[in-house]
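[1] A structural model of the following input is requested.
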Amino acid sequence: MTTILFLIIAYLLGSIPSGLWIGKYFFHKNLRDFGSGNTGSTNTFRVLGKKAGIAVFAIDMLKGTIATALPIMFGLHTFSPALFGLCAIFGHTFSIFDHFHGGKGVATSLGMILGYNPKFMIFVVIIFLVMVYLTSMVSMSSIVSGIIAFLATLIFPALHFIFTNYDWLFTFVILFITCFIICKHRDNIARIRNKTENIFNFGLNITHQKHNI
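    Alright, predicted model coming up:
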């Protein structure tokens, strides 16, 4: 019963729609009416600016970290902490406070990894930043980082690098998150193929997209 209670709490934590609330209460804008219509940190950067984008990213990431840390803080060892982080990711993308809409789960997923293994989070961040520099795109960087993170959970434990043993539930969670991120970025993938994806005015833009933001 305690485990179920904490899984629900993790979901509710993830459901906090930080981008939507910050936009409404501080900028009097509904993010769903601007840009991509997404309430995550990327659209917040585009619509509300850097300070709001950083704040939303930090809050969304923290949601995943706190949710993952819940079983550790309260001594619950029934399931891998990653399962609680996954509930927060579900909450972020299907928020009960936003008519079961939400963001794409990237920042909250990163927060889950931070709560589970900070060293692995650093590895994923490095991959993400390298991809941002190469592609100038958050969307492709998120997808590639997810794929590499999943492969790393299969390879690193065998090499005793970062992980000392396998946690198959964590591996499954990373695989699920990666597939979920790819699914949530279907429109972005279509734009990448058409060379019309939004890019930052930074990096090499190796795929030659044409839409700066």
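[2] now the nearest residue to I16 once chain neighbours are set aside: how far from Y25?
    Among residues not flanking I16 along the chain, K63 sits closest, at 6.2 Å (CB to CB, 6 or more residues apart in numbering). Any C-beta I mention is one placed from the backbone N, CA and C, and that applies to glycine too. K63 sits at a distance of 18 Å from Y25 (criterion: CB to CB, to the nearest Å).
[3] Between these two, tell me which one has more neighbours.
    With neighbours defined as other CB atoms under 10 Å, K63 and Y25 compare such that K63 has more, 26 against 8.
[4] The residue nearest to I16 and G19 touch, don't they?
    No: when contacts are counted by CB atoms under 8 Å, K63 is not listed as touching G19 (11.8 Å).
[5] Quick check, pLDDT for the residue nearest to I16.
    Listed pLDDT for K63 reads 97.
[6] any idea how far N30 is from N38?
    12 Å.
[7] anything in contact with each of those two?
    Common neighbours of N30 and N38, counting by CB atoms under 8 Å, 6 or more residues apart in numbering, are absent.
[8] Same drill for the two, tell me which one is more crowded.
    Set side by side, N30 and N38 show more neighbours around N38, with 20 against 13, by other CB under 10 Å.
[9] And the residue lying closest to the more buried one once chain neighbours are set aside, its phi and psi?
    Residue nearest to N38 in three dimensions, not counting chain neighbours: G103, with 5.9 Å by CB to CB, 6+ apart. Dihedral pair for G103: phi -90, psi -170, per degrees, to the nearest 10.
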